[in-house]
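In: Give me a 3D structure for the following:
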Amino acid sequence: MAISSIMSRLLISAGNTMKMAEIRQGLNKEMEHRAGVLNAEIKLDGGRGADTRKKEEELEKTEEKASKINVEAMNSLSEMNNELRSAANRDQEEARAEKKQAEKISEKRKTEKEERAKRLEKLQEKNVGETTNKESDEIAEGTTFVNFVADGITPDSGVIDSVGGKVDIKT
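Out: Down below sits the predicted model:
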C-alpha cells in the first residue's frame, strides 16, 4: 500500500511531535533533578532551624511545572497517535474503495470479452457469405470492424480487381 500525502504529512508531523516529546522529557528530568536538590536543601536547612519557605515555594512551582510538562507531552503524543490511526483508517478505506473499483472494471472487461467471443461464435456459425449485411451487422453489434481492399498488379495482365473483406479488431 502506498502512503498517501495526508499520511506522509502526518508522519512528518509525528516525527516533530516525537522530538518535542523528547525535549519535554529532558525538561522534566531537569525539573525532577531540581526538585530533588530542593528537597535535600529543605531537609538540611530545616534540620538547622533555617527558614525554608522560599525553597518550599520553589519546590512546589518546580513540581507543578514538571507535572504540566508531563501532561502536555502525554496529550501531544496521544493526539498524534489518534491522528495517525485516523489517517491509517482513511487510507485503508480508500484502498478498499480503489480495490472494489478495480474489481468492477475487471468484471466489466471480462463480461465484454465474453460477449465479443459469443458474437464471434455466432458469426462463425453462420456462413458470413450467406448472411446479409444487415444480419451481419446485428450479430456483430459492438464489435469493431475495418474494411480492407487489396489491389494487386500481375506481370501478365497488369492491374487486377480490388478484393474487399472485414477483419475483427480486438479492443
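In: Any idea which residue is closest to the centre of this protein?
Out: A centroid search over the chain (Cα atoms, centre = their mean) returns Ser4, at 4.3 Å, as the residue closest to the centre.
In: Please work out how many residues are found near the residue lying closest to it once chain neighbours are set aside.
Out: Spatial nearest neighbour of Ser4, chain neighbours left out: Asp91 (5.3 Å); criterion: Cβ to Cβ, 6 or more residues apart in numbering. Yep, even glycine has a C-beta here, placed from its N, CA and C like the rest. Here the count is done by other Cβ atoms under 10 Å, and Asp91 has 16 residues near it.
In: how much space between Asp91 and Arg85?
Out: Separation of Asp91 from Arg85 (Cβ to Cβ, to the nearest Å) stands at 11 Å.
In: likewise Lys61?
Out: Distance, Lys61 to Arg85, by Cβ to Cβ: 36 Å.
In: roughly how far is stretch 46-56 from the heart of the chain?
Out: Counting by Cα atoms, centre = their mean, to the nearest Å, stretch 46-56 is centred 62 Å from the centre of its parent chain.
In: gap between the two ends of that stretch?
Out: With Cα to Cα, to the nearest Å as the measure, stretch 46-56 spans 11 Å from end to end.
In: so Leu120 is in which element?
Out: Assigned by DSSP states H and E, Leu120 belongs to helix 53-125.
In: And that helix, what does it pack against?
Out: When contacts are defined as 3 or more Cβ pairs under 8 Å, 6 or more residues apart in numbering; DSSP states H and E, helix 53-125 sits against helix 5-48, helix 133-139.
In: how does it look with 10 Å?
Out: In terms of contacts (3 or more Cβ pairs under 10 Å, 6 or more residues apart in numbering; DSSP states H and E), helix 53-125 is packed against helix 5-48, helix 133-139, strand 163-168.
In: Any chance of those in CSV with mean pLDDT, mean neighbour count and distance to Lys126 as columns?
Out: As requested, the helices and strands packed on helix 53-125 are exported to CSV (pLDDT from 0 to 100; neighbours: other Cβ atoms under 10 Å; distance: least, Cβ to Cβ, whole Å):
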stretch, mean pLDDT, mean neighbour count, distance to Lys126
helix 5-48, 87, 14, 56
helix 133-139, 53, 13, 7
strand 163-168, 49, 11, 14
